[in-house]
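Participant: Could you work out the structure for the sequence below:
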Amino acid sequence: MDFQEFKKVNLKKQLGIDDLKFGNIFSFIDFGNVDSWFSEDKNWEGATIGEKDKILIDLEKLYDFSGCFSEQSRFYYGHDPKNVGSMKFLGKTKYVFGNKNVFTKPLQMIRHYLKDDEVTTRNISEDRKGKYIYLPKCNFDVEICVDAIRLMSKYDTFCLYSSDADFVSLIKFLHNNKKKVILIKGGYIQYQLKINSDLVISAQDIKKYIAFVKQKSSHTAGSCG
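Facilitator: Residues are numbered from 1 along each chain as shown. Predicted structure coming up:
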């Protein structure tokens, strides 16, 4: 057994993923959900991070982690055609996961009206209803559900990276069709999601495998690296 195989076996053991029970696994990564998993975290491996540091998802680490137990890892994420950074990120996802495994569509900008005490760094507009900002939104629930059902004959276990309660009906449907379900979730999840999953894995338990700390620049005080 080489090192990579040893790593896979050890990780699956830690997660509770048994080959005999779960068989062939396809993973569906709802990155719009995954991307916010650690946004409020204030520490890393038990240590406090810098005031302006952030804990972010590392695409390469996420791909390697998913590949340890998944036959196929499918990545769903919205992009902004007018944003250079967004398009660069999309290019990187395709490089890491492969073109055929990345599924995208343009973001929609939705008006969000601000509450009196709500603070934002976004550009603020105003109309008769009050002050508002535009927030990006791109939902892949339908695409993931369609693909999960369309590909049912190719996998034994559906693995979903999301905490979205909208997937309850899909998970129930898959169970009724003799499929196993692994749910990798962020914070709180609806009870129906939990009881209809064969295995629930907390994002906090896999943080070291899929994330990194983006540190502020050491040469420019107060700036982020």
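Participant: Now do stretch 9-20: everything it contacts.
Facilitator: Residues outside stretch 9-20 that contact it (Cβ atoms under 8 Å, 6 or more residues apart in numbering) are 1, 25, 65, 68, 69, 182, 199, 201, 205, 206, 209. Where you see a C-beta, it was placed from the backbone N, CA and C, and this is true even at glycine.
Participant: Make a markdown table from those and add secondary structure to it.
Facilitator: As requested, those are arranged in a markdown table below (DSSP: H, G, I helix; E, B strand; the rest coil):
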| residue | secondary structure |
| --- | --- |
| 1 | coil |
| 25 | strand |
| 65 | helix |
| 68 | coil |
| 69 | coil |
| 182 | strand |
| 199 | strand |
| 201 | strand |
| 205 | helix |
| 206 | helix |
| 209 | helix |
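Participant: These, buried ones only, as a ChimeraX selection?
Facilitator: Burial among those is assessed by 16 or more other Cβ atoms under 10 Å; the matching ChimeraX selection reads:
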select :25,65,68,69,182,199,201,206,209
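Participant: any idea which of the contacts of stretch 9-20 is closest to residue 155?
Facilitator: Proximity of these to residue 155 (Cβ to Cβ) peaks at residue 25, which lies at 6.3 Å.
Participant: Can you tell me how far residue 55 is from residue 164?
Facilitator: As judged by Cβ to Cβ, to the nearest Å, residue 55 and residue 164 stand 21 Å apart.
Participant: which stretches of the protein form helices?
Facilitator: 3-15, 19-22, 31-34, 59-67, 84-97, 141-150, 168-176, 191-195, 203-210 (DSSP state H).
Participant: Of all the ones you listed, which one comes closest to residue 121?
Facilitator: Taking Cβ to Cβ, helix 84-97 is the member of these nearest to residue 121, at 15.8 Å.
Participant: Compute the inter-axis angle for the closest one and helix 59-67.
Facilitator: Using axes from the mean of the first three to the mean of the last three Cα atoms, to 10 degrees, the interaxial angle of helix 84-97 with respect to helix 59-67 works out to 40 degrees.
Participant: what sits up against helix 84-97?
Facilitator: 31, 59-60, 63, 73, 75, 77, 79-81, 102, 104, 107.
Participant: Distance from it to the middle of the chain?
Facilitator: A distance of 15 Å separates the C-alpha centroid of helix 84-97 from that of its chain, computed with Cα atoms, centre = their mean, to the nearest Å.
Participant: mind giving me the domain ranges of this structure?
Facilitator: Taking automatic domain parsing as the domain assignment, the ranges for the chain are 23-102+140-214, 106-138.
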